[in-house]
Structure formats: C-alpha cells, structure tokens
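In: just a sequence and a predicted model for now, questions to come.
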Amino acid sequence: MNVCLAPCPVVFDLDGTLIDSAPDIHATVNAVLRLNHVAPLTLDQVRGFIGGGVDLLWKRVIAAAGLAPEAHRDLVASFMTRYHDATALTRLYPNVAEVLGTLADRGHPLGVCTNKPLRPTRALLEHFGLTGLFSAVIGGDSLPQRKPDPAPLRAAFAALGADPAKPLGLYVGDSEFDAECAQNTAVPFLLFTRGYRKSDPSEMYHTARFDDFAELPGLIEDHAEIARA
Ligand SMILES: O=C(O)COP(=O)(O)O
Ligand SMILES: [Mg+2]
C-alpha cells in the first residue's frame, strides 16, 4: 500500500456522491410543475436528469413534460427561488460524515466541485454541518464553465493550494459528468457507484470504484502516490 506522506487534496462532487438529494430536487421540480398546472414527474425520471446542473435539468424536464422550450427561463427562475431551501428530504450517504472527518484529521485539504449552484450547495453543506470541512467550494455558477469542462475542477484544486504544474490530487464523484471532468483535468477519479450514473462503471473513466464510503480512506491511501507522482 502506498503511504500518503503529504496528504493530497481530495475534491468531492456533491449530488449523488456525498448526498442523496434527488428526493428534494424531485419535489422542487414538481412544485414548479404544479404551479404551472403540469403533471408531476417520477423520482426515477428526475434522478436521471441530475448531473449537468440546473439548466440541463430543466431542458430535460421540459422535454419530458412536453412544455414549450421558451418557458425555460421562467421555470428555472421559479425553481431557483425554492432550490436553496430544498434540504428536508436530502440525506448523507452512509459513513460520509465520519469519513470526511477522518480525512480532515489526516490533513487532506478537502474541496467540493459540483454543478449545483453555489447557494443551494452552501445551504446543504451548512444543513449537514459540513461547511467547516471544505476549504474550497466551486458551484455550477461559480465559473462560466461547468463539468465536464476541466475549469471548475482546476479551480477547486487551485483554491486548495495545489500547484498547477504538479499532479493536483484526487476527485471523487458519481456521474458521467464527473468521470469526464476528471479525465479532462487528468486527475485520478474515484467512482462512487451508488449515485446517479447511468452507464456501467466499466464504460466510465475511473481509477478505482467503491460502493461504501467506509472504503474511501483506504482507497485514497492506495492512490495517493499517483495523485502526487
Ligand atoms: O445539480 C446537478 O445537476 C449536479 O450536481 P453534482 O455536480 O453535485 O452531481
Ligand atoms: Mg453528482
């Protein structure tokens, strides 16, 4: 096993990785649809639309609900007024809080790089008492680019003090957007398989995969050297 001498930065995706937020996103989408006298979508449908941020979510909702594409801007605006309060149905995945504490205690600089907008991201981190653990939080509206573009992930590592001329650290995520972003950024990717991916893991770029956060500290130790090499 490789020993992580200088603890490497570790950046996490949020939706479908640290938190199961699909029930809140689903409820918030349906609240907006209800206001517009449109029939609700199922949880499975909405879960399948998560990963690319709010604009893409609503493009997919509009297509599934048979709404006019011109309604996009107003629907997104209506959704955003409710989104930052959408915490009641969201849960941390098992062992997430304990493992983040372990990694922080070991000295890993920790960050979040999500396509979720910054305001609901910060509300959820606060809701779960995680705000103080993360020294860098990049949301879907922090930069003009979103994942899978490498810019947000590069920005997260830069905010953690990573030297852009050297290997940056490790990225942990659940979706095709994350895998492609990690590949575009040339960082090792640890794939959480219980999130919102649609592809078979064998078809996704990843360095290692796990289905329980209890496995993560060991995986990070195993891969620390390639994150630093
Ligand atoms: O809000 C989304 O669509 C995706 O968010 P994520 O990047 O944290 O998975
Ligand atoms: Mg995700």
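Out: Noted; the coordinates are in hand. Every value quoted in this text rests on a predicted model; they were computed, and no experiment measured them. Numbering: from 1, shown residues only. Ligands and ions are numbered 1, 2, ... in the order given.

In: ok, Ala39 touching Leu33?
Out: Yes - with contacts defined as Cβ atoms under 8 Å, Ala39 counts as touching Leu33 at a distance of 7.1 Å. Bear in mind the C-beta positions are built from the backbone N, C-alpha and C, glycine included.

In: what is in contact with the two at once?
Out: Counting by Cβ atoms under 8 Å, 6 or more residues apart in numbering, the residues touching both Ala39 and Leu33 are Ala65.

In: higher neighbour count, those two?
Out: Leu33 (19 against 9; other Cβ atoms under 10 Å).

In: ok, and the more buried one, which helix or strand is that part of?
Out: Leu33 is located in helix 22-35, with elements delineated by DSSP states H and E.

In: what does Val112 give?
Out: With elements taken from DSSP H and E, the one containing Val112 is strand 110-113.

In: cool, Val76 as well?
Out: Following DSSP H and E, the helix or strand that holds Val76 is helix 72-83.

In: packing partners of that helix?
Out: Packed against helix 72-83 by the contact rule (3 or more Cβ pairs under 8 Å, 6 or more residues apart in numbering; DSSP states H and E) you find helix 22-35, helix 54-65.

In: mind checking the ones you listed for the one nearest to Gly161?
Out: The closest approach between Gly161 and any of these, judged by Cβ to Cβ, belongs to helix 54-65 at 29.4 Å.

In: beyond the strand holding Val112, next helix or strand please.
Out: The helix or strand immediately downstream of strand 110-113 is helix 118-127, counting by DSSP H and E.

In: quick one: is whichever helix or strand comes after that next one near ligand 1?
Out: Note on helix 118-127: by DSSP H and E, the next helix or strand toward the C-terminus is strand 136-138. No - contact between strand 136-138 and ligand 1 is absent, the nearest approach being 9.9 Å (criterion: Cβ under 6 Å from any ligand atom).
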